[in-house]
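Asker: here is a sequence with its predicted model. Questions after.
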Amino acid sequence: MSTTGLVVDRGLEGVIVGSTVLSNVEGKIGRLTYRGYDIDDLAPNASFEEVVSLLLYGHLPSTHELEALKRELASRRALPEPLVAAMQSVPKTAWPMDVLRTIVSGLALFSPANNKGEHVSDVHGAIELIAKMTTILAAWDRIRRGLDPIEPRADLSHAANFLYMRTGKVPTHIEEDAIDTYLVLLADHSFNASTFSARVTASTRADIYASITSALATLTGDLHGGAASASYNNLVAIGAPERAEQFVRDELAKGNRIMGMGHREYRVRDPRAKHLDAIAKKLSEHRGDTPWYAIARALEDASIKVLREAKPDRQIYANVDFYTAPVLADLGMPGDEFTCLFACGRVVGWSAHVLEQLHDNRLIRPQATYSGPEVGPYIPIAQRAELLAPS
Ligand code: COA
């Protein structure tokens, strides 16, 4: 839309608002790369810790660098006791994303400040947030179930430690790999809504805690990270693969969208979906007793078929959130925690983007066209009733 010569782009679709060296989304061919490495190579080969190093330090680490990063992550896992007490004092019905956002914000209260009282936004602050977010999520999962949180273990990988803190059991390799690869796939995605939020906040010179809290708030909505939880609710509502097609038709008839389908950038299947599809299949075979993968497969097929009939001009395929649902459900996670685990992966990208923004900062401050009333005189309160009364 054009008003007085200015172009208004609702949703900023196609608008370039910055430049990044961190990741590249090629929507037409369905390719996602982190600093030039294709996620198709990273997902099966690189650990989450290697990807943290790649995004924060700019290169894949040497053995020595990787060991140092693992030690730092492990040393930063434990939460300040008052924040654990705060989680124990909130209603058990509190939504996990609200708890995660609040406690991440609370971490600022316990983080070191420089002599001007400012938190330093640096790579160590980023590692602190990455290390602690899975601890917060695992602790809340237990607290809401009436259990005591489990202390993190320094001898486990980031992924294995997360699963251990939820259950007290060291996970199998299949389970550990599933979470590790999930976190790799979610680590960054260029200027998505939550990352842009983090960058806008950082551009005001607010610190990394404030920036990540902004990002968490933005991720919550079901057009973004909230779709993972919403997608799980669909699997539960469908209940059996043969009911998938009717479900899609009913949802569209009600004017609803199929959560986990469609993407602003990708015009083919989201490249992350194929890895998560394969992981979900493997986990489902490993467990052998859950319907989630079979329902998800049927739902994807039915959605593509019915959406193609309804919207022949639009290519709508599964996105990253779609197969998140069967993967995390088969790992025993409750659906309302899925968006939180998305955040635990994406915090790597958010932090790297905050540091990139600060490295060459310019306040992000766009403009709007004004479409309100013409300028008029102030109306004294005594005259308002008669002037503003409906005729
Ligand atoms: N289910 C049904 N219809 C969908 C759809 C979906 N999942 N995704 C897009 N569409 C339809 C829209 O209804 C719209 O139809 P219309 O032109 O008749 O109004 C058309 O496709 C274009 O949608 P639009 O919202 O303009 O596209 P977008 O680029 O903004 O879409 C999403 C991107 C992600 C917001 C959208 O695909 C969506 O809402 N998906 C479901 C939520 C989701 O999974 N989010 C996670 C993204 S990673």
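Answerer: Okay, I see it. Keep in mind that what you see is a predicted model, and the values were worked out from it rather than measured.
Asker: point out where the stretch 251-391 of the chain drops to low pLDDT.
Answerer: For the stretch 251-391 of the chain, the stretches flagged by pLDDT under 70 are 387-391.
Asker: mind telling me which residue of it is nearest the ligand?
Answerer: Closest contact between the stretch 251-391 of the chain and the ligand, by C-beta to the nearest ligand atom, is at Gly262 (2.2 Å). Using the backbone N, CA and C atoms, a C-beta is placed for each residue, glycine as well.
Asker: not counting sequence-adjacent ones, nearest residue to that residue?
Answerer: For Gly262, ignoring the flanking residues on the chain, the nearest one in space by C-beta to C-beta, 6 or more residues apart in numbering is Ile316 at 4.5 Å.
Asker: same deal with Arg144?
Answerer: Excluding its sequence neighbours, the residue lying closest to Arg144 (C-beta to C-beta, 6+ apart) is Lys92, at 4.7 Å.
Asker: list the contacts of the closest residue to Met333 other than its chain neighbours.
Answerer: Nearest non-adjacent residue to Met333, counting by C-beta to C-beta, 6+ apart: Leu341, 7.0 Å away. Residues near Leu341 by C-beta atoms under 8 Å, 6 or more residues apart in numbering: Thr134, Leu137, Ile179, Tyr182, Leu183, Leu328, Met333.
Asker: is any residue of the helix or strand Leu341 falls within near the ligand?
Answerer: Per DSSP states H and E, Leu341 falls inside helix 338-359. No: Helix 338-359 lies out of reach of the ligand by C-beta under 6 Å from any ligand atom, never closer than 9.5 Å.
Asker: can you list the residues of the stretch 251-391 of the chain near the ligand?
Answerer: 257-264, 307, 311, 314, 316, 319-321.
Asker: narrow the residues you listed to those in helices?
Answerer: Secondary structure of these is defined by DSSP state H; positions in helices are Leu307, Val320, Asp321.
Asker: test my guess that the second one contacts Arg269.
Answerer: No: counting by C-beta atoms under 8 Å, no contact exists between Val320 and Arg269, whose distance comes to 10.3 Å.
Asker: okay, now Arg308: neighbour count?
Answerer: Neighbours of Arg308 under the rule other C-beta atoms under 10 Å: 12.
Asker: err, Pro112, not the other one
Answerer: Pro112 is flanked by 9 other residues according to other C-beta under 10 Å.
Asker: export the ones in helices among the residues of the stretch 251-391 of the chain next to the ligand to CSV and append columns for neighbour count and distance to Lys281.
Answerer: Listed next are those as CSV, based on neighbours: other C-beta atoms under 10 Å; distance: C-beta to C-beta, whole Å:
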residue, neighbour count, distance to Lys281
Leu307, 20, 23
Val320, 25, 16
Asp321, 29, 17
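Asker: which of those sits closest to Leu32?
Answerer: Closest approach between these and Leu32, by C-beta to C-beta: Val320, at 9.4 Å.
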